[in-house]
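*Asks:* Take a look and give me a structure for this.
(chains A and B)
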Number of protein chains: 2
Amino acid sequence: MKFLKTISVEEFRNILESIQKITTEEELVNIEESFNRVISRDITSNIDVPHFRKSRMDGYAVIAEDTFGADEDNLIELELIETIQAGDIPQKKLNNNQCSYVATGAAVPKNSNGVVMVEFAEVDDNKVLISKAVTPGTHVIEIGHDIKKGEIIVKKIVLIDLATIGILASCGIKEFWVYKQPKVSLMSTGNEIVSQDIKELEVGKIYDVNSVVLKKAIENTGARVKFLGIIKDDYNDLKNAMDKALKNSNIVILSGGTSKGEGDFGLRVLEEYNDIEILIHGVKIKPGKPIIFVKLKEKIIFILPGYPTSALSCYYVFIDKFLRKMSGFPLRDKFSKMMEVGERIYSTVGRHEFKTVKIQEEDGQSKIFPIKTGSEAISTMFYADGYIEIEELESIIERGDKRRVYFF
Amino acid sequence: MKFLKTISVEEFRNILESIQKITTEEELVNIEESFNRVISRDITSNIDVPHFRKSRMDGYAVIAEDTFGADEDNLIELELIETIQAGDIPQKKLNNNQCSYVATGAAVPKNSNGVVMVEFAEVDDNKVLISKAVTPGTHVIEIGHDIKKGEIIVKKIVLIDLATIGILASCGIKEFWVYKQPKVSLMSTGNEIVSQDIKELEVGKIYDVNSVVLKKAIENTGARVKFLGIIKDDYNDLKNAMDKALKNSNIVILSGGTSKGEGDFGLRVLEEYNDIEILIHGVKIKPGKPIIFVKLKEKIIFILPGYPTSALSCYYVFIDKFLRKMSGFPLRDKFSKMMEVGERIYSTVGRHEFKTVKIQEEDGQSKIFPIKTGSEAISTMFYADGYIEIEELESIIERGDKRRVYFF
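*Replies:* Sure, this is the predicted structure:
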């Protein structure tokens, strides 16, 4: 077992990176339930799209050569032998000097190789007078024009969006393989934490914020979350909850109980597991008391600080990326931007700080401003647009400096 | 009744704008189900947060004046009378020269007005030796420091995100009022359309793409969608489906059946309703055969073209914004950006074109390139990153021009 006490942000990130892997278990999913899932196997089309020759326009399917020479002064007469609406199966094949009416999207008859638009045809009983010549291929969509049978239409590790659903639907693919969602168990710990079901809050108690906020944040990474409730600072309660969580999930996330003052039950419970490979007690960051991280053989446990703003910051800085990579989801790094600092920002030397900031307009430019309430205030999270990183040895960021903002 | 035939994009937008309103019906929602709903009434906090005086640190709650003069060379001795963990209710009030241990987040005892951090205290049985003076207020978080009882914490017409959930949870608010989601009924029409349940596709038939793609797109605006199935080109079938849809929803969206070639059942069915206020048959856009739009007294019907790429373009250009405004959702305009055109783009004069484009890197810069397949190809939608608008009278956009890209 590797036991590490108070490591740097960089070291912690490297450890997370080194054990990172994508979920490999798969399951079949129905197309209607597939939005935001990740495809686990290349998908090929079983059909050509279109799988029959069809008309791009409302018009008359013809043998193109029959129309050669037609113009307004030289109408060419064809015999109308059939009317084919979208969805109809053509019943007759064309012979020379014959045509069939075809609606947009309708199948064209055998032997036809062009469509004359209705604008250039006049119907008289079962005769059609053509006033424009068409070249072979005009307004006919050939079989497989869009997608060919056997072609790979979606590659694996693609996140399913609207367009992916559209292309799968057009090939008639109703069920396909996706990666299983990582399973995360979530708990709030601490004798002071009570549920919103409690109407009258006693002195010393606070409402549980982390369960609702972290649950939703975790779900946004593509993982499935089960909230196991609020666990008291009691060794047996926590041990039982942890056993259950490890049995049912890949990842366990707790908030609260990282500091000595809170009883440190988390660490005591964790140290008892036999198959610990790495145990980290403390990452030098601000805000947040030490994060605890444990890797058992196939399972991972994160214990976050109890303050909601600290818990959420730690979550975004370390866990969000880890879970997204595991799910095959796009990372939040995309939602970051270099911006100018609008007001001097102070930081504590010796701790890598994740400073919550708000973005405000100044001189027509969006700039970074610090939020002045601390991590103990839930409103810090509410007013923040995102955070910036401040290195361990920096104490001041000057107005006018540029920093990367990671948006919440 | 106002009947309009083939109007311009601008006119159609103005009409939509003029009848636009936000949903006004409300319902109670549980906090856990509230993500991405829109708050319909200002919410005030029923409690102060924190609602008791608490410690920001692990340390000793003291009467600050007792510590004045304390330093490393002048330890001041206090009597330890109680240990208060987070969640505990303090049992004893301080008298002069007394202190209580307080964990981070724990309530501080009566009469205390400062906390000395554990680092500056040494415990000896029931004596504590203080090596640092604290001023009144040090490390004590006062009642209502974060949120005051009666304060408005979230205003109406706020879209609920993680931070909103956090602040509501911290005030113990479990249920609150949100706007009801607009109800949309969705149908695919056309004899050629079949479900993905059909394994063997006959000639003339195509799989239904619009139901799955439009359903998800509509859901993303905050509306609730019911898919009523694939409706044949039959007057009675469509009339029955439309009656049902109008009864159960605010908005009805059909795809297919806008052009004469397809039988025009949509228009025939619609014209029969008595309470039509506006009926528009045709908007001059490309891609897409005419859109049909009908406003009955309280209901709205959109009929979109059948081709998936056309249907989705029309949806994004007109309906998406309409539904988002109705739900109180942020508009997609946010997801647009001015970019340089990387290759000449041609357009048809006389129709306002929404040209699907892809974004590619050229000389280290992201540029706009046209997609060359047409709206009949589902792959057009698949490879497109977004669209640009081309005015009716423009026929060419030159390489190097700048255009706004609206991302899908």
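*Asks:* Map the structural domains onto the sequence of chain A.
*Replies:* Domain assignment for chain A, taken from automatic domain parsing, gives A:2-23+A:181-330, A:30-49+A:145-179, A:54-141, A:334-407.
*Asks:* what about the longest one, start to end distance?
*Replies:* With CA to CA, to the nearest Å as the measure, the ends of domain A:2-23+A:181-330 fall 31 Å from one another.
*Asks:* quick one: that domain near chain B?
*Replies:* Yes - if you take CB under 8 Å from any CB of the partner chain as the test, domain A:2-23+A:181-330 does meet chain B, through A:190-193, A:196-199, A:201-209, A:211-213, A:215-217, A:233, A:259-263, A:289, A:306-308, A:312. Heads up, the C-betas are built off the backbone N, CA and C, glycines and all.
*Asks:* just so I know, which of the domains of chain A lies nearest B:E11?
*Replies:* domain A:54-141 (24.9 Å; CB to CB).
*Asks:* and the closest one, is it in reach of chain B?
*Replies:* Yes - shown here: domain A:54-141 in contact with chain B (CB under 8 Å from any CB) through A:56, A:58, A:84-90, A:103-107, A:118, A:141.
*Asks:* Of the residues of domain A:2-23+A:181-330 next to chain B, which belong to helices?
*Replies:* A:S211, A:V212, A:V213, A:K215, A:K216, A:A217, A:P308, A:L312 (DSSP state H).
*Asks:* Quick check: next helix or strand after the longest helix along chain A?
*Replies:* Longest among the helix segments of chain A by residue count, using DSSP H, is helix A:235-248. Using DSSP states H and E, the helix or strand that directly follows helix A:235-248 along the chain is strand A:251-255.
*Asks:* who does that following strand pair up with?
*Replies:* Partners of strand A:251-255 in the sheet, by DSSP bridges, are strand A:183-189 (parallel), strand A:300-304 (parallel).
*Asks:* re the thing from before, restricted to strands, list the residues of domain A:2-23+A:181-330 next to chain B.
*Replies:* Counted as lying in strands by DSSP state E, out of the residues of domain A:2-23+A:181-330 next to chain B, are A:I193, A:I206, A:Y207.
*Asks:* need the contact list for the nearest residue to A:S185 once chain neighbours are set aside.
*Replies:* The shortest distance from A:S185 to any non-neighbouring residue, by CB to CB, 6 or more residues apart in numbering or on different chains, is to A:A245 (3.6 Å). Shown in contact with A:A245 (CB atoms under 8 Å, 6 or more residues apart in numbering or on different chains): A:S185, A:M187, A:L228, A:V252.
*Asks:* would you list the ones in strands among the residues of domain A:2-23+A:181-330 next to chain B in JSON lines and tack on neighbour count?
*Replies:* Listed next are these as JSON lines, based on neighbours: other CB atoms under 10 Å in any protein chain shown:
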{"residue": "A:I193", "neighbour count": "24"}
{"residue": "A:I206", "neighbour count": "25"}
{"residue": "A:Y207", "neighbour count": "26"}
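*Asks:* Just give me the closest of those to chain B.
*Replies:* The nearest member of those to chain B, counting by CB to the nearest CB, is A:Y207 at 4.6 Å.
*Asks:* Specify the beta-bridge partners of that closest one.
*Replies:* Per DSSP bridges, the residues bridged to A:Y207 are A:V194.
*Asks:* how near is A:D197 to A:F227?
*Replies:* From A:D197 over to A:F227 the distance is 13 Å, taken as CB to CB, to the nearest Å.
*Asks:* make that A:E175, sorry
*Replies:* Using CB to CB, A:E175 is found at 30 Å from A:F227.
*Asks:* Which residue of the two possesses the greater neighbour count?
*Replies:* A:F227 (18 against 13; other CB atoms under 10 Å in any protein chain shown).
*Asks:* Can you tell me the element that one falls in?
*Replies:* With DSSP H and E as criterion, A:F227 is part of strand A:224-231.
*Asks:* Tell me which strands that strand pairs with, and in which orientation.
*Replies:* Using DSSP bridges, strand A:224-231 pairs in its sheet with strand A:183-189 (parallel).
*Asks:* Quick check: A:S313 touching A:G374?
*Replies:* No - counting by CB atoms under 8 Å, A:S313 sits too far from A:G374 to count as a contact (11.7 Å).
*Asks:* Please tell me how far A:L201 sits from B:A107.
*Replies:* From A:L201 over to B:A107 the distance is 12 Å, taken as CB to CB.
*Asks:* returning to what we had before: ok, so of the contacts of A:A245, who is nearest chain B?
*Replies:* A:L228 (14.6 Å).
*Asks:* ok, now which ones touch the closest one?
*Replies:* Applying CB under 8 Å, 6+ apart, one finds that A:L228 lies in contact with A:S185, A:L186, A:M187, A:A241, A:K244, A:A245.
*Asks:* Output the below-cut-off pLDDT ranges for the stretch 251-400 of chain A.
*Replies:* For the stretch 251-400 of chain A, the stretches with pLDDT under 70 are A:257-264, A:287-290, A:333-334.
*Asks:* Quick one: residues contacting A:G350.
*Replies:* With contact set as CB under 8 Å, 6+ apart, A:G350 has these partners: A:K284, A:E392.
*Asks:* if we can go back for a sec, for the strand holding A:F227, what is the average pLDDT?
*Replies:* Per-region confidence: strand A:224-231 scores 94 on mean pLDDT.
*Asks:* mind checking the longest strand of chain A?
*Replies:* Across chain A, the longest stretch assigned as strand under DSSP E is strand A:352-362.
*Asks:* Could you name the helices and strands sitting against the helix or strand just after that one?
*Replies:* Proceeding N to C from strand A:352-362, the next assigned helix or strand is strand A:365-370, under DSSP H and E. When contacts are defined as 3 or more CB pairs under 8 Å, 6 or more residues apart in numbering or on different chains; DSSP states H and E, strand A:365-370 packs onto strand A:336-341, strand A:345-346, strand A:352-362.
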